[in-house]
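Colleague: below: sequence and its predicted model.
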Amino acid sequence: MTVTRPSLLAGFALLGTLAALATPPVHDSSPPPPPSFVGGIHITEDDLDAYADALLDAGLDSLQITVYAAQPLWDSAEIRFDPAAASDITSLARAARRAGLTSVLVLRVYLQHAATANQALWHGMIWPPDDQLERWFARYQAFVTWAADLAEREGIDVLVVGNELNSMTSTIPLTAVPEGLAYFLDPTRQARVRQDLLACARTVADPAFADDLRWADGTKYDDLEAALGSADALQHQWARRAVFPDDPHGPITAQAEAQALAGLNRRRAALDAGWRGIIAAARGLYSGAVAYGANFDQYGEVGFWDAVDAVGVTGYFPLSRYGDRGDALDRRLDAAWRTVAADLQAVTDKPVYLLELGWTRRRGATVRPWSYGRVDVLETDQPPPKEGAAIPLSCVHWASQATDERERVRALASLRRLVQAGGFPALRGAHLWKLSTDPAHAGIEPFAVILGDPADAAYLDEAAVLGRVLRSRP
């Protein structure tokens, strides 16, 4: 069944208004070529100069600086940012400059999870109503222009005007509902996945689920079935309201489907115009390279790559199967990275940055790198029982999963080998998620890499070699 979306927009009347949000004129000169680098994102550091020196000692040459705006509700046009954050950005940018590090400023939106309305959602699901898009873009543009002006004054090398805003940056015209919406619109599909997770959970001792039943808004569920069922229901409601805002509980008729598809495409055209206006406004104030950061599974939906200087992507690509070991794991990783490179090349000819690259220390972390909490069922290294059947799944409870310090080293080494052999020619940089000088962060942040810790030396050595290879490219 093709399920798609009606719209509240009256034709394309909003497009001119959104495009007019741009702030002319742009700088007369073209921006410099996007720099090559390998570095990382910090957690919290008391001594920024010591942190910069630790990056250099590890053979890295770049620091990513993050600034957040907050969105109180997923379906609101309200966005808030604190101009006082300029002092933190300035401190980090100046520490990077003193050390000779390339600086990258990434703008992110935080969907406030303390609000019950946002439970089970994330910033990639922000969806202001169609009649509030102009207001959302006006507020977001204020955030971007504030950051662009600061980036120009502080000599920041790359400005990333947004990150992982899947629902707000999917602008390619549709012929059918995208898979991300289709899944949440289908309770039967949701139920199948939920039952797989519950079957997995039955193999784990109940006390291990204590943290899995608490949500950021204060809600605590009695058991995992109630928690997962509530999340599915909330995500289904989100999809119905996004796709059928005029009648989210009504029947899905052929007429409703046709209206929905036309509405989604009008919305996508408006979103595209809005982002082009945002990028033009940034260029009016900032003379460096401008990028946007898409999610690893959504960059093909972004239609405005021609307007930026570099394509940012989070690097949480599925790279392996659970149970892969030794040479078999290396072969799977090598093949997966070649596929990643080819898929990106098919979408854009712009330089590519992996703005978040990392894996946890848990065994199986390269199967679904984005999965690191609660329970999950991972694709295994076993063949399907028969032709056309699904790949067998294995149960993982991440909190009690065994560690494997080498798996993420092998994943990074595989990428390094590909680049060293001349593959992935579009790749220009990568930032490790996340780098710290404090060993205590390893017990707090699942992805933490500790600078100066012998346990992470091999991982950091691979990153340093990758950086040298990227910088040597013409």
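Modeller: On my side now, so go ahead.
Colleague: quick one: secondary structure of A282?
Modeller: Secondary structure state of A282, per DSSP: H, G, I helix; E, B strand; the rest coil, is helix.
Colleague: give me the spatial nearest neighbour of it, chain neighbours excluded.
Modeller: A148 (4.3 Å; C-beta to C-beta, 6 or more residues apart in numbering). For glycine as for every other residue, the C-beta is placed from the backbone atoms N, C-alpha and C.
Colleague: mind listing the helices in the stretch 251-400 of the chain by residue range?
Modeller: Assigned by DSSP state H, counting those that start in this stretch, the helices in the stretch 251-400 of the chain fall at 254-283, 326-347.
Colleague: weakest of those by average pLDDT?
Modeller: Note on the helices of the stretch 251-400 of the chain: helix 254-283 shows the lowest mean pLDDT, a mean of 94.
Colleague: that helix packs against which elements?
Modeller: In terms of contacts (3 or more C-beta pairs under 8 Å, 6 or more residues apart in numbering; DSSP states H and E), helix 254-283 is packed against helix 13-19, helix 133-154, strand 158-163, helix 166-169, strand 289-294.
Colleague: in CSV, list these along with distance to D343.
Modeller: Shown next, in CSV, are the helices and strands packed on helix 254-283 (distance: least, C-beta to C-beta, whole Å):
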stretch, distance to D343
helix 13-19, 30
helix 133-154, 28
strand 158-163, 20
helix 166-169, 17
strand 289-294, 12
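Colleague: please convert these to JSON lines, extending it with distance to D246, mean pLDDT and mean neighbour count.
Modeller: JSON lines is the format used below for these (distance: least, C-beta to C-beta, whole Å; pLDDT from 0 to 100; neighbours: other C-beta atoms under 10 Å):
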{"stretch": "helix 13-19", "distance to D246": "17", "mean pLDDT": "41", "mean neighbour count": "16"}
{"stretch": "helix 133-154", "distance to D246": "16", "mean pLDDT": "98", "mean neighbour count": "21"}
{"stretch": "strand 158-163", "distance to D246": "28", "mean pLDDT": "98", "mean neighbour count": "26"}
{"stretch": "helix 166-169", "distance to D246": "18", "mean pLDDT": "98", "mean neighbour count": "22"}
{"stretch": "strand 289-294", "distance to D246": "30", "mean pLDDT": "98", "mean neighbour count": "26"}
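Colleague: wait, what's in contact with V419?
Modeller: The contact partners of V419, by C-beta atoms under 8 Å, 6 or more residues apart in numbering, come to 427, 466, 469-470.
Colleague: one more: I79?
Modeller: Going by C-beta under 8 Å, 6+ apart, I79 touches 69-71, 109, 136, 139-140, 143.
Colleague: hmm, 10 Å instead?
Modeller: Taking C-beta atoms under 10 Å, 6 or more residues apart in numbering, we find I79 in contact with 69-72, 109, 126, 128, 135-143.
Colleague: likewise for P439?
Modeller: Residues near P439 by C-beta under 10 Å, 6+ apart: 448, 450-453, 455-456.
Colleague: ok, 8 Å please
Modeller: Listed by C-beta under 8 Å, 6+ apart, the contact partners of P439 are 450, 453.
Colleague: and it, how close does it get to A399?
Modeller: For P439, the distance to A399 equals 20 Å [C-beta to C-beta, to the nearest Å].
Colleague: ok, G229 touching L197?
Modeller: No - using C-beta atoms under 8 Å, G229 is not in contact with L197; the gap is 10.7 Å.
Colleague: from the contacts of V419, which land in strands?
Modeller: Counting by DSSP state E, these place L427 in strands.
Colleague: which stretches of this structure have low pLDDT?
Modeller: 1-29, 205-212, 216 (pLDDT under 70).
Colleague: closest one to E356 among the helices of the stretch 251-400 of the chain?
Modeller: helix 326-347 (14.0 Å; C-beta to C-beta).
Colleague: that closest one to strand 289-294, inter-axis angle?
Modeller: Here helix 326-347 points in a direction 120 degrees away from that of strand 289-294 (axes from the mean of the first three to the mean of the last three C-alpha atoms, to 10 degrees).
Colleague: buried ones in stretch 356-374?
Modeller: For stretch 356-374, the buried set under the neighbour-count rule, 16 or more other C-beta atoms under 10 Å, comprises 356-369, 371-372, 374.
Colleague: just those residues: which are in strands?
Modeller: Secondary structure from DSSP E places 356-357 of those in strands.
Colleague: let me see the backbone angles for W359.
Modeller: Per-residue torsions, W359: phi -140, psi 160 (degrees, to the nearest 10).
Colleague: C395 contacts T380, correct?
Modeller: No - between C395 and T380 there is no contact under C-beta under 8 Å: 10.2 Å.
Colleague: quick check: neighbours shared by those two?
Modeller: Common neighbours of C395 and T380 (C-beta under 8 Å, 6+ apart) do not exist.
Colleague: which of the three states applies to G39?
Modeller: What three-state DSSP gives for G39 is strand.
Colleague: return the set of residues that bridge with it.
Modeller: Per DSSP bridges, the residues bridged to G39 are S62, H431.
Colleague: hang on, isn't it packed against V449?
Modeller: No - counting by C-beta under 8 Å, G39 sits too far from V449 to count as a contact (11.4 Å).
Colleague: what residues are shared contacts of these two?
Modeller: Common contacts of G39 and V449, defined by C-beta under 8 Å, 6+ apart, comprise 432, 435.
Colleague: list the residues that contact the closest residue to P385 other than its chain neighbours.
Modeller: Excluding its sequence neighbours, the residue lying closest to P385 (C-beta to C-beta, 6+ apart) is P392, at 7.3 Å. Residues near P392 by C-beta under 8 Å, 6+ apart: 379-380, 382, 384-385.
Colleague: go through the contacts of I79 and say which is closest to W337.
Modeller: The closest of the contacts of I79 to W337 turns out to be V109 (C-beta to C-beta; 29.2 Å).
Colleague: so what does the helix or strand that closest one falls within touch, helix or strand wise?
Modeller: For V109, the element it lies in under DSSP states H and E is strand 102-111. For strand 102-111, the packing partners by 3+ C-beta pairs under 8 Å, 6+ apart come out as strand 37-42, strand 62-71, helix 86-99, helix 133-154, strand 158-163, strand 352-357, strand 427-436.
Colleague: with distance to F317 added, can I get the ones you listed in JSON lines?
Modeller: Formatted as JSON lines, the helices and strands packed on strand 102-111 follow (distance: least, C-beta to C-beta, whole Å):
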{"stretch": "strand 37-42", "distance to F317": "17"}
{"stretch": "strand 62-71", "distance to F317": "19"}
{"stretch": "helix 86-99", "distance to F317": "28"}
{"stretch": "helix 133-154", "distance to F317": "28"}
{"stretch": "strand 158-163", "distance to F317": "16"}
{"stretch": "strand 352-357", "distance to F317": "9"}
{"stretch": "strand 427-436", "distance to F317": "12"}
